[in-house]
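J.: Kindly return the folded structure for what I paste below:
(chains A and B)
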Amino acid sequence: MAAPPHTFDRKARFRRAQGVVFYFLFLGAVLVGIVGLVTLLVQILLQGVPWLSWHLLTDYPSRHPEQAGLRAAIFGTVWIMGLTAVLAVPIGVGAAVYLEEYAPRNWFTRILEINISNLAGVPSIVYGLLGLGLFVQIMSLGKTVLAGAMTLTLLVLPIVILASREAVRAVPSTYREAAYALGADQWQVVKGVVLPASAPGILTGTILAMSRAIGEAAPIVVISGLVYLTFVPASPLDRFTALPLQIFNWAARPQEGFRDLAAAGIIVLLVVLLSMNAVSILLRNRYQTKSEE
Amino acid sequence: MGFEIRRPQLLAARPSPASAAGEAPLFKRSSSREWEGRAARYFFFLCAALSIFTTVGIVVSLFSQALAFFGEVSVWEFLTGTRWSPILKPNSYGVLPLVGGTLLVSALAALVALPLGLGTAIFLAEYAPDRLRRVIKPVLEILAGIPTVVYGYFALTFVTPLLQIVFPDMIVFNALSAGLVMGIMIIPMVSSLSEDAMMAVPRSLRQAAYALGATRMEVSLRVVVPAALSGIVASFILAISRAIGETMLVTIAAGATPNLTWNPLDSIQAMTAYIVQVSLGEAAHGSLEYNTIFAVGLLLFMMTLLMSLLGQWVVHRWREEY
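T.: Model (predicted):
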């Protein structure tokens, strides 16, 4: 405290300079991520856009990059995502409702919660091995759409549960109390009040979970293996391929043409992903303005 | 809202004097509704319990086929062997080259992502004005939402040629390129969780430090970061665990050469990449080669589970309560 004014001053100047340096370090850290993202997108657009065409969407894969298309992959992805949504949404919402509305506070509930958060950290390829062991072999579903969808369902469930729990928790307790006061029982409160009020939040979370699943290639590789398909699955018990799998296959080939084609496939995948995200953001905004009225 | 108002239920819940006297109760629960409620309750419970079955399913399906593998190869040989050659003769089943490949790429990714992610989090939590933060956060969310196969493509076709300018001798498939791109990929995981932890630090701590004359950098690094340390460390652990389990990026960009090396310019094979390689091949169900992927998968599962538990322990043990 008794330091002469000029030494204090010098230290202050040093500290201020240090602060400026660190400001730029932190700013630089942010910029690395953003520059990385922009570079990635630009590079993929540059390589892929010349290869975008209508036949890319409608043709089957081929040995010649000029003729190869994504038809089987797109249909496979649509099948897989549709079935996954049908399976994952009721189960995920059901689990969320149980944990938020019904579950007693005891050791079993605690185990359930820890277990779900641990499952969220399991690598996706391990889910693939689970699907291979359990669905493909023990339940002998074969390398089918159904086995793939069930595997992806288990993969996205922790995300759907987490998002749905948040949506259910966000329903004001006054809504529930009002319903109970009118004589509703717990199931009526859940069915008539909690689920309708949390539906937009659940929907948003579900779309985000699906957009995670749509880009997953690792479990699909383990379940399906093959990627060269010249037919479109007609039932859940047919074999299939998927968009990220086809992109992987093209990217892994040494020929230039297929690498550029992979970029075109990535553009298709990213467009689907971004539209899913846009829909969920629109829903969120609409819901938010509504609840503030 | 959407439910119908029915006859009051509360009275029927207790035995009324009227029913005790043998008369019909005034209010009666409709038994179909009661049944419906109970069925719904069971359904919700089963949905939640499915997560337990999933865990059991993972453990059982990995263990049962890994056991078949360990019937022929000893656990000791698997865990300590330094040569992995399940297909080419003479066969050898030492998993260390695969583990080494995974750890090398993950270490490179951590080297990139931990400082950059933490720096990003500090900038967002302590420096950025609200409006800027609202722009940066969605951009980082996009970074987190891009499929990993896209990052693999980016590493192989853009970053590797770029690195080859610096290291002309480097082969096309290498750990460095995969590790750097994976680092970029997991920045958002580190930054968003660390930022949450820093935002939870009470404002009064910062104000006290500013009142003592601290600069913004001193407040950030000496007050906020230590106070949020448990959350930050947990985000590091989660990001590294994600890097260990990452599949498509290392499969596409890092190569398929099981190689026990610390040289990032070498081609390696990660554990996950090996599983993909066998899945794409024609290994017959039940063969030793086929069973290796379950043994490798089991080891991978145990590694990430350990990281998850470690993360939870750190949050629990080191949490600063205010």
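J.: Can you report how many residues lie near residue 70?
T.: In the absence of a named chain, chain A is used. For residue A:70, the count of nearby residues is 26 (other C-beta atoms under 10 Å in any protein chain shown). The C-beta positions use only the backbone N, C-alpha and C, and glycine is treated the same way.
J.: Can you look at chain B instead?
T.: By other C-beta under 10 Å, 18 other residues sit near residue B:70.
J.: List the contacts of it.
T.: By C-beta atoms under 8 Å, 6 or more residues apart in numbering or on different chains, the contact list for residue B:70 reads B:78, B:295.
J.: what separates it from residue A:162, distance-wise?
T.: Between residue B:70 and residue A:162 the computed distance is 35 Å (C-beta to C-beta, to the nearest Å).
J.: just checking, what packs against the helix or strand containing residue A:88?
T.: Using DSSP states H and E, residue A:88 maps to helix A:71-97. For helix A:71-97, the elements it packs on are helix A:54-58, helix A:145-169, helix A:195-214, helix A:243-251, helix B:31-70, judged by 3 or more C-beta pairs under 8 Å, 6 or more residues apart in numbering or on different chains; DSSP states H and E.
J.: tell me the mean pLDDT for that helix?
T.: Average pLDDT, helix A:71-97: 92.
J.: before we move on, what about stretch A:133-151?
T.: On average, stretch A:133-151 scores 89.
J.: Kindly report the same for stretch A:47-55.
T.: On average, stretch A:47-55 scores 85.
J.: just for the stretch 51-200 of chain B, where's the confidence low?
T.: Judged against pLDDT under 70, the stretch 51-200 of chain B has no low-scoring part.
J.: one step back: in the helix or strand just after the helix holding residue A:88, what's buried?
T.: Proceeding N to C from helix A:71-97, the next assigned helix or strand is helix A:107-120, under DSSP H and E. Residues of helix A:107-120 classed as buried by neighbour count (16 or more other C-beta atoms under 10 Å in any protein chain shown): A:112, A:113, A:115, A:116, A:117, A:118, A:119, A:120.
J.: Nearest residue to the second one in space, please, no chain neighbours.
T.: To tie it back to what came earlier, the one meant is residue A:113. residue A:99 (7.0 Å; C-beta to C-beta, 6 or more residues apart in numbering or on different chains).
J.: Next, count neighbours for the one you found.
T.: The number of residues packed near residue A:99 is 23, by other C-beta under 10 Å.
J.: contacting residues around the closest residue to residue A:208 other than its chain neighbours?
T.: Spatial nearest neighbour of residue A:208, chain neighbours left out: residue A:280 (5.7 Å); criterion: C-beta to C-beta, 6+ apart. The contact partners of residue A:280, taken as C-beta under 8 Å, 6+ apart, are A:203, A:204, A:207, A:208, A:211.
J.: Now for the second one: which residues touch it?
T.: I take that to be residue A:204. Residues counted as contacts of residue A:204 (C-beta under 8 Å, 6+ apart) are A:163, A:167, A:280, A:283, A:284, A:287.
J.: follow-up on the earlier one: separation between the residue nearest to residue A:208 and residue A:159?
T.: 13 Å.
J.: who touches both of these two?
T.: Shared contacts of residue A:280 and residue A:159, defined by C-beta under 8 Å, 6+ apart, comprise residue A:208.
J.: any idea which element the one residue sitting closest to the centre of chain B lies in?
T.: When C-alpha atoms, centre = their mean is applied to chain B, the residue found nearest the centroid is residue B:242 (4.1 Å). Following DSSP H and E, one finds residue B:242 within helix B:229-245.
J.: Give me the next element, helix or strand, following that helix.
T.: Using DSSP H and E, the helix or strand that follows helix B:229-245 towards the C-terminus is helix B:248-253.
J.: the helices in the stretch 1-150 of chain B, which residues?
T.: Counting by DSSP state H, counting those that start in this stretch, the stretch 1-150 of chain B has helices at residues B:10-13, B:17-20, B:31-70, B:75-80, B:96-122, B:130-145, B:148-154.
J.: same check, this time on the stretch 151-300 of chain B
T.: Under DSSP H, counting those that start in this stretch, the stretch 151-300 of chain B gives helices at B:160-166, B:175-199, B:203-211, B:216-218, B:225-227, B:229-245, B:248-253, B:271-280, B:288-318.
J.: pLDDT added to the buried residues of helix A:107-120, as JSON lines?
T.: JSON lines is the format used below for these (pLDDT from 0 to 100):
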{"residue": "A:112", "pLDDT": "92"}
{"residue": "A:113", "pLDDT": "91"}
{"residue": "A:115", "pLDDT": "92"}
{"residue": "A:116", "pLDDT": "92"}
{"residue": "A:117", "pLDDT": "89"}
{"residue": "A:118", "pLDDT": "90"}
{"residue": "A:119", "pLDDT": "92"}
{"residue": "A:120", "pLDDT": "90"}
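J.: Of all residues in the stretch 151-300 of chain B, which one is closest to chain A?
T.: Residue nearest to chain A within the stretch 151-300 of chain B: residue B:245 (2.5 Å; C-beta to the nearest C-beta).
J.: Surely that residue touches residue B:270?
T.: No. Counting by C-beta atoms under 8 Å, residue B:245 does not reach residue B:270; the two are 9.8 Å apart.
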